[in-house]
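Asker: mind folding the following:
(one chain, ligands or ions: 1)
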Amino acid sequence: MPVPEKMKKMLLLGDIHANYPALKAIHKYTKPNRFDRIINTGDFTVYSTFPNETIQWFRERKKTISILGNTDRRILRILKGKQLKKPRKKEKRVMYFWTSENLLPENIKYLRSLTEKTDFTMGPIRIGVFHGTCDDADEELFSDAPEARFHKLAKDSPYQIHIMGHSHVPYYKIVDGVHFINPGSAGRMFDGDPRASFAILKIYSGKIGVEHFRIPYPVKEVVKSLKKNCLPDIYTEMFQIGKKLN
Ligand SMILES: [Fe+2]
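Answerer: Model prediction:
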């Protein structure tokens, strides 16, 4: 008698930006131990004050698959003694230097062990994990990008599923049979809704299902820590209203 196939469940996270209170809220809501994999599309660090707690959370879990985002790559560049070209705005740069000064050695080592993209298989399905896109780690691929762009990515893709971050916009679309999923930002939303965003991906019998979530978290914990560390007030506003710094 054939053994019944088990449904595979994956927790999709990205763009946490050192917002550990948001990650804790997602943990409490989802109970991560029940997932077959926890995927992180990068940007562990910068703009909130909990990079160590955030990285530690991933280090403590065996079933995680994580990549670097642009903020993490910049932190590693600073730690190598290289100049920080972007961002140019002084008030944005503050958080990069604060983060690089406060990261613990074991967490720096962990970041250094990661790559800019990765892939894995779940049963017969190949899944790519990217910060931007499979072509360009810095590409912000929004859901309303020209369809031609999605067609091109689908045409060249060895993957049935692309899990992506960077745009901070949650979406799910299928183009030419390829599933493009962005879980949104767990810790730094841009759409005026400060709640934490994440997604759950389920695969069963070759069928793919995606559900997005937005949940509240205690923004006041982030605000309190920013103030305690004498960081610019603009960060406080960004987390409270769920908007970009620009
Ligand atoms: Fe990001």
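
Asker: could you list the low-pLDDT ranges of the protein?
Answerer: Within the chain, the stretches with pLDDT under 70 are 1-4, 246.

Asker: would you map the strands across it?
Answerer: 8-13, 37-40, 64-66, 117-122, 125-130, 161-164, 171-175, 178-182, 196-204, 207-215 (DSSP state E).

Asker: tabulate those strands (CSV), appending mean neighbour count and distance to the ion.
Answerer: C-beta: built from backbone N, CA, C; applies to glycine. CSV is the format used below for the strands of the chain (neighbours: other C-beta atoms under 10 Å; distance: least, C-beta to the ion, whole Å):
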stretch, mean neighbour count, distance to the ion
strand 8-13, 23, 12
strand 37-40, 23, 12
strand 64-66, 20, 14
strand 117-122, 15, 15
strand 125-130, 21, 13
strand 161-164, 25, 11
strand 171-175, 16, 15
strand 178-182, 23, 11
strand 196-204, 21, 12
strand 207-215, 15, 17
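
Asker: any chance of the ones you listed in CSV, with distance to residue 154 too?
Answerer: Output for these, formatted as CSV (distance: least, C-beta to C-beta, whole Å):
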stretch, distance to residue 154
strand 8-13, 19
strand 37-40, 20
strand 64-66, 22
strand 117-122, 16
strand 125-130, 12
strand 161-164, 9
strand 171-175, 5
strand 178-182, 4
strand 196-204, 18
strand 207-215, 14
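
Asker: can you list the residues of this protein near the ion?
Answerer: Within the chain, the residues that sit near the ion (C-beta under 5 Å from the ion) are 15, 43.
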